[in-house]
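Enquirer: how does the following fold in three dimensions:
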Amino acid sequence: MNMTFAVIKTGGKQYKVAANDVIKIEKLEAEAGDIVTFDQVLMVGDTIGAPLVEGALVAAELVETKKQKTVIIFKKRRRHNSRRRNGHRQLLTTVRITEILTGGAKPTIKAAAKAEKTETVAEKAPAKKAETKATKAEAAADAPAKKAAPKKAAAAKEDTAAEKPAKKAPAKKADKADKE
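Expert: Numbers count the residues shown, from 1 in each chain. Predicted coordinates for the structure are as follows:
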């Protein structure tokens, strides 16, 4: 039975989640495409736990794990010529909530979805290679026409350069020293 929302606890923080929500939480030890479950459910719909809701479970699919933007820590002590600057990048995991379960139900979505995703990527890869070969062949056919235009432009530049008188060479420093 799907509820409208749930409140879960993970990484020392609480999150209000609903089905298909994408949230960023503290780093989890899992790979992209894995199904993770959160068993510390504090509230489901109108049911409030004491402290946890019995038999409640939230299932989610792990999307990615990466670092967040750099947070600068700058400390300064006035009139002591003392400063310290430091940066920190927290590791965050992005998860997509798939379902909210109650009554001890198990997640219906399995980690097998990960295998299907890798197969579809493998199927698409050769198609992309075929497309790139075709586009390269078309580009090669168009390339000689494109190369001819720069040669004409270069020839036109040479003609204009021949018409203009050559620039005088700058005076040497030794000549200036002899004059003084």
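
Enquirer: count of neighbours near I109?
Expert: Using other C-beta atoms under 10 Å, I109 has 12 other residues around it. Where you see a C-beta, it was placed from the backbone N, CA and C, and this is true even at glycine.

Enquirer: tell me the secondary structure at the residue nearest to it when sequence neighbours are not counted.
Expert: Spatial nearest neighbour of I109, chain neighbours left out: T98 (5.2 Å); criterion: C-beta to C-beta, 6 or more residues apart in numbering. When classified by DSSP: H, G, I helix; E, B strand; the rest coil, T98 comes out as strand.

Enquirer: how many neighbours does T98 have?
Expert: 20.

Enquirer: pretty sure it is touching T37, no?
Expert: No - shown here, T98 and T37 do not form a contact pair, counting by C-beta atoms under 8 Å, at 9.9 Å.

Enquirer: what separates T94 from R79, distance-wise?
Expert: In this view, T94 and R79 are 45 Å apart by C-beta to C-beta, to the nearest Å.

Enquirer: low-confidence ranges, the chain, go.
Expert: 1-3, 110-166, 171-180 (pLDDT under 70).

Enquirer: quick one on the thing from earlier: what do T98 and T37 both touch?
Expert: Listed as contacting both T98 and T37 by C-beta atoms under 8 Å, 6 or more residues apart in numbering are 59-60, 107.

Enquirer: show me how the chain divides into domains.
Expert: Per automatic domain parsing, the structural domains of the chain span 6-109, 111-161.

Enquirer: quick one on the thing from earlier: what's the closest of the shared contacts of T98 and T37 to N86?
Expert: Ranked by distance to N86 (C-beta to C-beta), these are led by A60 at 32.7 Å.

Enquirer: can you show me the strands along this protein?
Expert: For the chain, strands defined by DSSP state E occupy the ranges 6-10, 13-17, 22-26, 35-38, 41-44, 47-48, 57-67, 71-77, 82-88, 91-101.

Enquirer: out of the ones you listed, the one nearest A169 is which?
Expert: strand 82-88 (52.0 Å).
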